[in-house]
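S.K.: need a structure here:
(one chain, ligands or ions: 1)
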Amino acid sequence: MAKMWTGRTDGKTEKLADDFNSSIRFDSRMYRQDITGSMAHASMLAEQGIISNEDAETLIVGLEQILQDIESGKLSIDMESEDIHMFVEQELTDRLGDVGKKLHTARSRNDQVALDIRMYLRDEIDQIGQLVKTLIGAIVDKAEMYQDAIMPGYTHLQRAQPITFGHHLMAYAMMLLRDLERLKDTRKRMNQSPIGCCALAGTTYDTDRLFEAKQLGFDGICMNSLDGVSDRDFCVELMSTISLLMMHLSRFSEELILWTSWEFKFVELSDAYTTGSSIMPQKKNPDMAELVRGKTGRVYGDLMALLTTLKGLPLAYNKDMQEDKEAVFDACDTAKMCLQVFSGMIETLTANRENMLKAAQKGFINATDLADYLVKKGMPFRNAYKIAGQLVAQCIRENTVLEELSLETYQSYSDLFEQDLYPEIDLRTCVEKRISEGGTSVASVKKQISYVKETLDL
Ligand code: ARG
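M.R.: Got it, this is the predicted structure:
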């Protein structure tokens, strides 16, 4: 097929060069955005008297027809085309003749591609946001179910203080809530229209960029034409937002992998979200969580790839920028897949209350409460801390736990100890007394749950 840009050169390129140059493999997915963008462009051209109303009508109907034919499968996208923009314009011209050739007035592929990506990614953000919301919903449901299930809370992966599983889960809900806000924020900055920046310098035609932008649902227009066609910040920003989201999913995955191990046995994943081993019959592997953790690295790679591509580019458009799409599409595709699997995995998991409680009982995780008991009786915290530490050491020597030591033993360390100590270091009391805002008590977790539910209208 003769190239539309045959002019200065004869357009006779090597097949190898064509294949190398082509982006249709990965930009054909933007056909809808490309076509709707062109329809708005045609109507703007007519509105401004740059083409006749009749021509605009013909162009719009022709574009509409192409869109329908692609969606119905009647027209397949020609993978020999250079890119989706060339394919649509060529198809239009094949169908309409000379009128089709008027469409590209007062625009360039440089602003066209920038427009298409922004429109495509806006929709991706909306989809990703919905999936994050669904996942938060699943987490909140489990948190409600396990709001009173005691488990050890960890620092340094050493048992630290008792918390509830519901409280632990809600920590992830908060992270994902921030991710949602970041997505919203990213969308806001992305939603400025570059169309009309043309190749780089604007145009001599009397265009109305705002009219076109409004038609396509943008909040405004890119204010500098060089920037409009060179800017891929919105791709980078989306990928960093997604990277953060993936980092959260990855940390969660890591915990699920730990919790489902025989060493912990806190959580059981549904068979539907685990796999077996081809050789070891006893295995039930948390592959979904591992893959989410693994794919996080891949998304970081996408982000780094584009940042690196952009860092040395002079203004304005350079062909290097064609590399934006594979990276950002991959990040979106990966995130969407991970989010869906993750929701299913969370919805179907069960926690083992007994094992979590058992683990909580073994690690002296009420030692802080023991010290606090003495403080409440008037001892300075540092002294109380020291005595609690010595009592823990004695327990370790005698292979017992704080709840089992006799009152005489306690009193040999301080005469402030009395019988009322025992209920104070009971794990449930330790949890229930942490009523500070954001703390682990059931009341506080309930508050967190209703905060998230209200924020998201769940
Ligand atoms: N396929 C190209 C891309 O994705 C479209 C823009 C081409 N512009 C150009 N001046 N060659 O970046």
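S.K.: so is the helix or strand harbouring N110 next to the ligand?
M.R.: Applying DSSP states H and E as the criterion places N110 in helix 109-145. Yes - for helix 109-145, a contact with the ligand is found by Cβ under 6 Å from any ligand atom, at R109, N110, V113. All C-beta atoms are positioned from the backbone trio N, CA, C, and that covers glycine.
S.K.: scan the residues you listed and report the most crowded one.
M.R.: Compared across these, V113 has the highest neighbour count, 25 neighbours, by other Cβ atoms under 10 Å.
S.K.: ok, for that residue, nearest residue in space, not its chain neighbours?
M.R.: Excluding the flanking residues, the one nearest V113 by Cβ to Cβ, 6 or more residues apart in numbering is H85, at 6.5 Å.
S.K.: list the contacts of that neighbour.
M.R.: Residues near H85 by Cβ atoms under 8 Å, 6 or more residues apart in numbering: D27, D34, R109, Q112, V113, D116.
S.K.: so for the helix or strand in which the second one is found, mean pLDDT?
M.R.: According to DSSP H and E, D34 maps onto helix 31-47. Within the predicted structure, the mean pLDDT of helix 31-47 is 98.
S.K.: and for stretch 244-254?
M.R.: Stretch 244-254 comes out with an average pLDDT of 98.
S.K.: flag every buried residue along it.
M.R.: If you call a residue buried by 16 or more other Cβ atoms under 10 Å, then stretch 244-254 has these buried ones: L244, L245, M246, M247, H248, L249, S250, F252, S253.
S.K.: got it, and stretch 176-193?
M.R.: Residues L176, L177, D179, L180, R182, L183, T186, R187, M190, N191, Q192, S193 are the ones in stretch 176-193 that count as buried (16+ other Cβ under 10 Å).
S.K.: quick one: contacts of that stretch?
M.R.: Residues outside stretch 176-193 that contact it (Cβ under 8 Å, 6+ apart): 115, 118, 121-122, 125-126, 128-129, 132-133, 135-136, 139, 209, 212-213, 216-222, 233-234, 237-238, 241, 244-245, 248, 452, 455-456.
S.K.: hey, C-alpha coordinates of that stretch in PDB?
M.R.: Extracted in PDB, the C-alpha atoms of stretch 176-193 (Å, rounded to 0.1, in the frame of the first residue of the first chain):
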ATOM      1  CA  LEU A 176      -6.000   1.300  48.500                       C
ATOM      2  CA  LEU A 177      -8.100   4.300  49.400                       C
ATOM      3  CA  ARG A 178      -5.000   6.500  48.800                       C
ATOM      4  CA  ASP A 179      -4.400   4.700  45.500                       C
ATOM      5  CA  LEU A 180      -7.900   5.600  44.500                       C
ATOM      6  CA  GLU A 181      -7.300   9.300  45.300                       C
ATOM      7  CA  ARG A 182      -4.000   9.200  43.300                       C
ATOM      8  CA  LEU A 183      -5.900   7.700  40.300                       C
ATOM      9  CA  LYS A 184      -8.400  10.500  40.500                       C
ATOM     10  CA  ASP A 185      -5.700  13.000  40.700                       C
ATOM     11  CA  THR A 186      -3.800  11.500  37.800                       C
ATOM     12  CA  ARG A 187      -7.000  11.600  35.700                       C
ATOM     13  CA  LYS A 188      -7.500  15.200  36.500                       C
ATOM     14  CA  ARG A 189      -4.100  16.300  35.100                       C
ATOM     15  CA  MET A 190      -4.500  13.900  32.100                       C
ATOM     16  CA  ASN A 191      -7.800  15.300  31.100                       C
ATOM     17  CA  GLN A 192      -6.400  18.300  29.100                       C
ATOM     18  CA  SER A 193      -6.700  18.100  25.400                       C
END
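S.K.: circling back to that earlier point, format the contacts of H85 as CSV; extra columns: distance to T368.
M.R.: Putting these into CSV (distance: Cβ to Cβ, whole Å) gives the following:
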residue, distance to T368
D27, 57
D34, 61
R109, 64
Q112, 62
V113, 58
D116, 57
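S.K.: ok so, going back, which pLDDT does the model give the residue nearest to V113?
M.R.: H85 carries a pLDDT value of 98.
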